[in-house]
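S.K.: Any chance you could fold what I've pasted below:
(one chain, ligands or ions: 1)
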Amino acid sequence: MQAFSPYSPVPAFRTFHHRRSFPRLLPVHFFTVQCVHGPESFSAQNGVGLSRADWQSSCAILASNVVSQQQSGDLSAGGGGAGHVASVNGHKTNVENLNLVRIGKISDAYNITKLQPKPLTITDFSPAPMHGEKLRVAYQGVPGAYSEAAAGKAYPNCDAIPCDQFEVAFQAVELWIADRAVLPVENSLGGSIHRNYDLLLRHRLHIVGEVQLPVHHCLLALPGVRKEYLNRVISHPQALAQCELTLTKLGLNVTREAVDDTAGAAEYIAANNLLDTAAIASARAAELYGLQVIADGIQDDSNNVTRFVMLARDPIIPRTDRPFKTSIVFAHDKGTSALFKVLSAFAFRNISLTKIESRPHRNCPIRLVDDANVGTAKHFEYMFYVDFEASMAETRAQNALAEVQEFTSFLRVLGSYPMDMTPWSPSGRD
Ligand SMILES: O=C(O)C(=O)C[C@]1(C(=O)O)C=C[C@@H](O)C=C1
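M.R.: A predicted model of the protein is given here:
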């Protein structure tokens, strides 16, 4: 049996900085990053012909190059100062407007009544990326994370790109390093993942799909470690919450500590040879990092499912030949019973809501602009996120949103996308 080795205690919610076996995309500062490389320039200079690990490293380097170019004032790659219009692979992006919302018809914002003007592109028919490579899907975490499994479920055979933080996964898509991002938004046990709702608002990506992933947690430790030796269990806060009762039932006398992702917890234990620490993570993480499964299926409910959304730079064209869901976010001025009126716009049209979430938004103004790009910062007390079961191609949904717009001061359609119709079943092994 191995002896215990001394270690430094890990403070809760700390981000671990240890040697990683898998390179991950590193954060860049979103609001300072305005230079972008299109996929052509990327594949020509960085990606093609390299191993996956080399390619991922180049991604990280590409991201930091972008920052340093911006910081050193080199605008030649397409960046610019405030108000500069960057050309992103032929798409014009007014970088100053990244966090702005245009006041005007909702149809302008999402082409509700004018779906036709936007020409179809090859991506409307096929998930295959324009650069001819595999679809590149950014996720938060390291290999073995549930988000990686969700990427694989949503896009079989994709090239999953690990990212340090959710913010980085957004940036990877915005900077054309990835084609899609997958983002966990809610769990059947733990509830909403609030931070990701805030990120959806801060960024300009579109929800193009959803996927529900049964989450089957295991308790992992170094080979030879028994549960009596454990002082501490580390994992993603959602995973800790999903296993809270079971950890107590197992009779473990352990502290719980939160880390960035489940698989990262497993990797950390292996990299630091921690004999008194266990991780809550997937069986795949155990295999990848050489840990043993001490207990299997430790989620408090066997129907433990996490819902992920897939994000892309462009929205998909909504259809009516299969069930669609639409996600919106809105805010209203105080004291007008607007929420009741908004909800009635859906109720009168027999549109079912699958989710409603409110997020405090007091301290973060939104700048509303008109067609002439003139506007002012506006504070809203709360942002409301609503998912409803209808496609934006349906007249009833278009009418409902036209009405909602009358009662709200801010409205954005986050996406209209095919519903994941997979029935929720007990979580099997991932
Ligand atoms: O840490 C991971 O493995 C993740 O993919 C993140 C995450 C989450 O954010 O909810 C995803 C699914 C599970 O619910 C637990 C954790």
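
S.K.: which parts of the stretch 101-250 of the chain sit against the ligand?
M.R.: Within the stretch 101-250 of the chain, the positions lying close to the ligand (Cβ under 6 Å from any ligand atom) are 141, 145, 146, 147, 184, 187, 193, 215, 236, 238, 239. The way it works is simple: take the backbone N, C-alpha and C, and place the C-beta from them, glycine included.

S.K.: can the residues you listed go into TSV with extra columns for neighbour count, pLDDT and secondary structure?
M.R.: As requested, these are exported to TSV (neighbours: other Cβ atoms under 10 Å; pLDDT from 0 to 100; DSSP: H, G, I helix; E, B strand; the rest coil):
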residue	neighbour count	pLDDT	secondary structure
141	29	95	coil
145	28	97	coil
146	30	97	helix
147	29	97	helix
184	25	97	strand
187	21	93	strand
193	21	91	coil
215	25	97	coil
236	27	96	coil
238	22	94	helix
239	29	96	helix
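
S.K.: Distance to residue 280 added to the residues you listed, as TSV?
M.R.: Listed next are these as TSV, based on distance: Cβ to Cβ, whole Å:
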residue	distance to residue 280
141	13
145	12
146	11
147	15
184	15
187	13
193	16
215	10
236	8
238	10
239	5
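
S.K.: Between which two of these is the distance greatest?
M.R.: Farthest apart among those by Cβ to Cβ are 141 and 187. That separation is 14.9 Å.

S.K.: Now do stretch 173-191: distance from first to last residue.
M.R.: 26 Å (Cα to Cα, to the nearest Å).

S.K.: do stretch 271-290 as well
M.R.: Note: stretch 271-290 ends 10 Å apart using Cα to Cα.

S.K.: and residue 397, that's in a strand?
M.R.: No - with DSSP: H, G, I helix; E, B strand; the rest coil as the criterion, residue 397 is assigned helix and is not in a strand.

S.K.: That one contacts residue 325, correct?
M.R.: No - in this structure residue 397 lies outside contact range of residue 325 using Cβ atoms under 8 Å: 10.4 Å.

S.K.: the more surrounded of these two?
M.R.: residue 397 (25 against 22; other Cβ atoms under 10 Å).

S.K.: so who does the closest residue in space to the more buried one that isn't next to it in sequence touch?
M.R.: Excluding its sequence neighbours, the residue lying closest to residue 397 (Cβ to Cβ, 6 or more residues apart in numbering) is residue 390, at 4.0 Å. Going by Cβ atoms under 8 Å, 6 or more residues apart in numbering, residue 390 touches 324, 325, 326, 351, 396, 397, 400.

S.K.: Mind giving me the ChimeraX select for those residues, buried ones only?
M.R.: Here is the ChimeraX selection string for the buried members of those, based on 16 or more other Cβ atoms under 10 Å:
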select :324,325,326,351,397,400
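
S.K.: if we can go back for a sec, for residue 408, state which of the residues of the stretch 101-250 of the chain next to the ligand is nearest.
M.R.: Distances from residue 408 to these, taken by Cβ to Cβ, are shortest for residue 193, at 24.2 Å.

S.K.: so what's the closest one up against?
M.R.: So residue 193 contacts 184, 185, 186, 187, 238 (Cβ under 8 Å, 6+ apart).

S.K.: So what's the residue count around residue 247?
M.R.: Neighbour tally, residue 247, other Cβ under 10 Å: 20.

S.K.: Does it touch residue 253 like I think?
M.R.: No - under the contact definition of Cβ under 8 Å, residue 247 does not touch residue 253, with a separation of 10.2 Å.
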